[in-house]
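In: When you get a sec, could you give me coordinates for this:
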Amino acid sequence: MLYIAYFDASTTQKGRQFVTVSGCLAPAARWKTFESKWQKMLNKEGLPYFHMTDFEAYQEHYRHWTQKKHNHFFRKIARAITGKAKFAFGRGVAHDDFSWAQSRNALLEDFSPFTFCASQCFHAVAEWANRHKYNDPIVYIFEKGDGFEGELLALKDLIESSPSRKSRYRWAELHILPKVMDNPPRPLTPLQAADVWAFEARKEWENFHSTGKRIRAVRKSARALLGKDVEIDFGFSERENLLSLPFYWETDPNESKP
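Out: Residues are numbered from 1 along each chain as shown. Down below sits the predicted model:
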């Protein structure tokens, strides 16, 4: 059985620069049926795609929506996502914390905050596979246009150069795809589900982790995504745990260590 993990990144300038990488994992067959249902929802509203930032700001295609319509549509979005995703995950880090830890932890030297979060998400997927004794291939798909394509391709090369890493991640392939394209190699609409998770992860950081105390309650939209059948693993790295990162596998002495 082939599984596919979809990813998206979200950044913030609110007080401190911060990056999150989040996503969701499901069997390829589930994503295929998800795409059909999702596309029907979009078509009914005349939307070319769903973008959480514009949706929450009532901008672009959502400019004239009422709050009632907005809330009703998000409930449909949340049900569609939680009805298909098996595992939702995310990692986030503040730029200043990461820079501080980089000078003290050699494991971080070759990373940017984005690549670090992406690699930590890969580890989360690997741990999910270990827990569930899943050993078949996993495809990793990111959205194109976030500005991190070069970093992702470098990370891809690093993984594909190591049999131990490929085995750990159940590595099949990595794609960087736009929201819309003709004849995509894999379904595209799950990237929009990953966009929703990434947005909510960033908001949770702004509402709590950016200051160390909760500014407001967990958003209703975030709670709507916490379906009982979705396994969740979200985390935010701070200075202390950046200094105590575990080794995730035994490495050849000549291999670099992500």
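In: For His61, which non-adjacent residue is spatially closest?
Out: Leu47 (5.4 Å; C-beta to C-beta, 6 or more residues apart in numbering). All C-beta atoms are positioned from the backbone trio N, CA, C, and that covers glycine.
In: The one you found falls within a strand, correct?
Out: No: under DSSP: H, G, I helix; E, B strand; the rest coil, Leu47 sits outside any strand and is assigned coil.
In: my read: it touches Phe55, true?
Out: No: if you go by C-beta atoms under 8 Å, Leu47 and Phe55 don't touch, sitting 9.3 Å apart.
In: all strands of the chain, in order?
Out: Secondary structure of the chain by DSSP state E: the strands cover 3-12, 18-27, 87-94, 138-143, 171-177, 231-237.
In: Ok, which of these comes nearest Arg104?
Out: Smallest distance to Arg104 across these (C-beta to C-beta): 13.6 Å, for strand 231-237.
In: could you give the angle of the closest one to strand 87-94?
Out: 10 degrees (axes from the mean of the first three to the mean of the last three C-alpha atoms, to 10 degrees).
In: In strand 231-237, which of the residues would be classed as buried?
Out: For strand 231-237, burial by neighbour count (16 or more other C-beta atoms under 10 Å) applies to 234-237.
In: cool, stretch 141-159 as well?
Out: For stretch 141-159, the buried set under the neighbour-count rule, 16+ other C-beta under 10 Å, comprises 141-143, 146, 148, 151-152, 155-156, 158-159.
In: now swap in stretch 91-106 and tell me
Out: Buried residues in stretch 91-106 (16+ other C-beta under 10 Å): 91-94, 97-98, 101-102.
In: Export those residues as CSV, with columns for distance to Lys69 and pLDDT.
Out: As requested, the buried residues of stretch 91-106 are exported to CSV (distance: C-beta to C-beta, whole Å; pLDDT from 0 to 100):
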residue, distance to Lys69, pLDDT
Arg91, 33, 92
Gly92, 31, 91
Val93, 36, 91
Ala94, 35, 90
Asp97, 39, 91
Phe98, 40, 93
Ala101, 44, 93
Gln102, 46, 93
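In: Go through these and say which is closest to Arg214.
Out: Closest to Arg214, out of all of the buried residues of stretch 91-106 and judged by C-beta to C-beta, is Gly92, at 15.9 Å.
In: ranges for the helices of this protein?
Out: Along the chain, counting by DSSP state H, helices occupy 28-45, 52-57, 67-82, 95-102, 113-131, 149-160, 163-168, 190-204, 220-224, 239-242.
In: tell me which strands and helices the fourth one is in contact with?
Out: Just to be clear, that refers to helix 95-102. Secondary-structure packing of helix 95-102 (3 or more C-beta pairs under 8 Å, 6 or more residues apart in numbering; DSSP states H and E): helix 113-131, helix 239-242.
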